[in-house]
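Asks: Provided below are the primary sequence and the corresponding predicted coordinates.
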Amino acid sequence: MSGTPVRLAAFGLGNRTTKYLNYLLDHPNEGKLVAAVEPNFERLSQIKSLFGLSSEECFNSAEAFFAEKRDVDAVIIGTPDKTHYEIAMNSIRRGYHCLLEKPIATTAKECMDVALAAKKAGVLVCVCYVLRYHPFYRKIKAVLDSGELGPVISASHIENVGLERMTHSYVRGIFSNSSKSTPLILEKCCHDIDLLIWLMNKHIAKVSSFGSLGWFKAENAPEGSSDRCVDCKIESECPFSAVELYQRRREWVSNFVVPNGETLDEVVAKELKSGRYGRCVYHCDNDVVDHQTVGLEMSGGVTIGMSIETLTRHDDRATKINCAFGEVFAGGDSVTVTHFSHSKEDIYNFTETLNMPLHGNADLKIIEDFLKGVKDPEHHELISPIEEALESHLVCFQIEESRQTGRTIDCLNWRSI
C-alpha cells in the first residue's frame, strides 16, 4: 500500500474536516477522498463537486455508509461530539484507521472503549491535537527537552476563549449545553491539558477545579432586552449583539452554510430572525461554565495553575514555565527563554507563522503525519496517538468532577492502556 494513496472517507464536512481535506488537493499521491458523509445537502454537494465524487460515494448519514463494507483504508471523523464514539467504534470494527477530532467521546468509559478497541484491532487512531504540531509550541518543547533550563518546577497557563468565540460556540452555539455536548474543559481545553502533559513529559497526579456559569444567564439580562437581538431596544449598546457580530462586522459567518440560490446576507438575516445564533446571550439554553480555574499536580511534584477566561477580548493562550535554571514565557507572538545565569534572554518571534492559515499549517501536518502512519506502521513521528491522547481526556472528566464536587481528585496513570 505504500505506493498508493490512502483511500479516505470523511464524516462531517464542517470547518475542521474541510481543512484537513485541503491537504489532499495538493498531495493526491498521499491520500484520496473516496467517500463523504454529511447530512447537510449544501456541504455535501460542495465536497462532491470539489473532489469529483459520484452520488454513490456520498452519504447523508453514518448508518447509510456503514450499511455495506466500503473500499476505504481510513476515515476522518469531524462530526458533532456526541457522534464520535459510534462512528469511531464502527470504523475500528471494520479495520479502518481513524483521524479523530477531539474529544474522543463524551464519557470516560466511551473514551477508554475506543482506545482499547483500537489496540485490540491493531488500528491506528490519531486524535487531532493541533497544538502539538504548531511550530510555536514545538519550540517550547525543544527548549524544555534540551535540558538547558534544568527540570521544570512549576507553570501557569491561561486559555483565553474570547467573547466572540464564547458567545458563538458556547452560549448560542452547538457546544452551549453540556447535556447535548460536553463540558467546556473537555470540548475546548482537552488539548490544553494534553499540551501541558506533552510539554512537561509527566503524568498528572491530582486535580482540583472551581468555576461556574457566572454571567450568561437570565438574571443578568439588562432591562429592556429581548429574546432576540433583532427585536432588542438596547441591541446597539450590547457588547454581545448578534447583529453586530454577524451582520455588521461579518465575523464568524463562515460557519453558516449558504444554500444554492441564496446569499450570505439572506442566510444571516434568517439566522438573526429565527436561528439559534440570533438569540440573546442571556436567554439561551446554555449551561457550560464561563470561567474556570484548574489546579494540577504532576508526577515529581510539578504544580500548574490553569485559568479559562471567556469575558475577554483576547482569543489566545499564554504559558509561563518556571525551571530550576531559567524560565519560558510564551504569549502573544513570541517565546521568550530567560537563563538565570548572566540574565541571558532569547526571544523567538512567530508573528509570520501565527498569521498563517490552518494554524500555521499545523492542520496540514496532522493529516500528513496520519497518512504516513497509515502507510507505514513503523512511522514514529506520529505524536498524538489515542493511547497518549486518552490521558488528557480522562483528566478532563476528573477536573469536571472536582468542579462539581469541590474535591481534589487523585488521578491514575492512563497511558498503560
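Replies: Looks like it arrived, so ask away.
Asks: would I153 count as being in a strand?
Replies: Yes - under DSSP: H, G, I helix; E, B strand; the rest coil, I153 falls within a strand.
Asks: Spit out the contact partners of it.
Replies: V302, N322, C323, A324 (CB atoms under 8 Å, 6 or more residues apart in numbering). Bear in mind the C-beta positions are built from the backbone N, C-alpha and C, glycine included.
Asks: cool, Y129 as well?
Replies: Y129 touches K102, H191, D194, L195, W198, S384, A389, S392, counting by CB under 8 Å, 6+ apart.
Asks: So what touches stretch 227-240?
Replies: The contact list for stretch 227-240 (CB under 8 Å, 6+ apart) reads 163, 167, 171, 222, 224-226, 241-244, 272-273, 278-281, 283.
Asks: and it, how far apart are its ends?
Replies: Its first and final residues considered, stretch 227-240 spans 13 Å by CA to CA, to the nearest Å.
Asks: now stretch 124-134
Replies: Taking CA to CA, the first and last residues of stretch 124-134 lie 22 Å apart.
Asks: now swap in stretch 174-183 and tell me
Replies: 12 Å.
Asks: swap in stretch 319-330?
Replies: Taking CA to CA as the measure, stretch 319-330 stretches 5 Å from start to finish.
Asks: That stretch - what's its average pLDDT?
Replies: For stretch 319-330, mean pLDDT is 98.
Asks: do stretch 40-58 as well
Replies: 95.
Asks: Then stretch 125-144?
Replies: Mean predicted lDDT for stretch 125-144 stands at 96.
Asks: And that stretch, what's buried?
Replies: Neighbour counts using 16 or more other CB atoms under 10 Å place 125-141, 143-144 of stretch 125-144 among the buried residues.
Asks: residue ranges for the helices of the stretch 251-400 of the chain, please.
Replies: In the stretch 251-400 of the chain, the helices defined using DSSP state H, counting those that start in this stretch lie at 264-274, 351-354, 357-360, 362-375, 386-405.
Asks: Between those, which one is closest to E297.
Replies: Closest approach to E297 among the helices of the stretch 251-400 of the chain is made by helix 386-405 (11.5 Å; CB to CB).
Asks: hey, which helix or strand in the protein has the poorest pLDDT?
Replies: The helix or strand of the chain with the poorest confidence is helix 357-360; it has a mean of 79 (mean pLDDT, DSSP states H and E).
Asks: which residues are contacting that helix?
Replies: If you take CB under 8 Å, 6+ apart as the criterion, helix 357-360 is touched by K19, N22, V130, Y133, H134, P135, F136, F350, T353, L354, L364.
Asks: of those, closest to S181?
Replies: Among those, and counting by CB to CB, the member closest to S181 is V130, at 19.4 Å.
Asks: For that closest one, which residues are in contact?
Replies: Going by CB under 8 Å, 6+ apart, V130 touches H191, H359, A362, D363, I366.
Asks: Any chance of these in CSV with neighbour count and distance to V328 as columns?
Replies: Formatted as CSV, these follow (neighbours: other CB atoms under 10 Å; distance: CB to CB, whole Å):
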residue, neighbour count, distance to V328
H191, 23, 19
H359, 19, 21
A362, 21, 19
D363, 20, 25
I366, 27, 24
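Asks: out of these, what pair is the most spread apart?
Replies: Pairwise distances across the contacts of V130 peak at 12.9 Å for H191 and D363 (criterion: CB to CB).
Asks: List buried residues within the contacts of Y129.
Replies: Neighbour counting with 16+ other CB under 10 Å marks K102, H191, D194, L195, W198, S384, A389, S392 as buried within those.
Asks: wait, doesn't the last one sit right on L186?
Replies: No - counting by CB atoms under 8 Å, no contact exists between S392 and L186, whose distance comes to 9.2 Å.
Asks: Model confidence for L412, exactly?
Replies: For L412, the pLDDT comes out at 67.
Asks: meant to ask about D231, not that
Replies: pLDDT for D231: 96.
Asks: That one and D145, how far apart?
Replies: 56 Å (CB to CB, to the nearest Å).
Asks: ditto for W252
Replies: Distance, W252 to D145, using CB to CB: 37 Å.
Asks: Check the buried ones among the contacts of Y129 and tell me the two furthest apart.
Replies: Greatest spacing in the buried ones among the contacts of Y129, by CB to CB: K102 and W198 (13.8 Å).
Asks: what stretches of the stretch 301-417 of the chain score poorly on pLDDT?
Replies: The model of the stretch 301-417 of the chain has pLDDT under 70 over residues 412-417.
Asks: so what's P385 closest to, chain neighbours aside?
Replies: The shortest distance from P385 to any non-neighbouring residue, by CB to CB, 6 or more residues apart in numbering, is to C126 (6.0 Å).
Asks: what's the helix or strand for that neighbour?
Replies: In the assignment (DSSP states H and E), C126 maps to strand 125-127.
Asks: Please name every helix or strand in contact with that strand.
Replies: Identification of packing neighbours for strand 125-127 by 3 or more CB pairs under 8 Å, 6 or more residues apart in numbering; DSSP states H and E yields strand 97-100, helix 108-121, helix 362-375, helix 386-405.
Asks: so the second one versus helix 386-405, what angle?
Replies: Which is helix 108-121. On the basis of axes from the mean of the first three to the mean of the last three CA atoms, to 10 degrees, helix 108-121 is oriented at 170 degrees to helix 386-405.
Asks: Alpha carbons of helix 108-121, as PDB, please.
Replies: Provided in PDB are the C-alpha atoms of helix 108-121 (Å, rounded to 0.1, in the frame of the first residue of the first chain):
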ATOM      1  CA  ALA A 108     -14.700   8.500  30.200                       C
ATOM      2  CA  LYS A 109     -15.900   4.900  29.600                       C
ATOM      3  CA  GLU A 110     -16.500   5.600  25.900                       C
ATOM      4  CA  CYS A 111     -13.000   7.200  25.500                       C
ATOM      5  CA  MET A 112     -11.500   4.100  27.100                       C
ATOM      6  CA  ASP A 113     -13.600   1.800  25.000                       C
ATOM      7  CA  VAL A 114     -12.300   3.500  21.800                       C
ATOM      8  CA  ALA A 115      -8.700   3.200  22.900                       C
ATOM      9  CA  LEU A 116      -9.000  -0.400  23.900                       C
ATOM     10  CA  ALA A 117     -10.800  -1.300  20.700                       C
ATOM     11  CA  ALA A 118      -8.100   0.300  18.600                       C
ATOM     12  CA  LYS A 119      -5.400  -1.500  20.400                       C
ATOM     13  CA  LYS A 120      -7.200  -4.900  20.100                       C
ATOM     14  CA  ALA A 121      -7.900  -4.400  16.400                       C
END
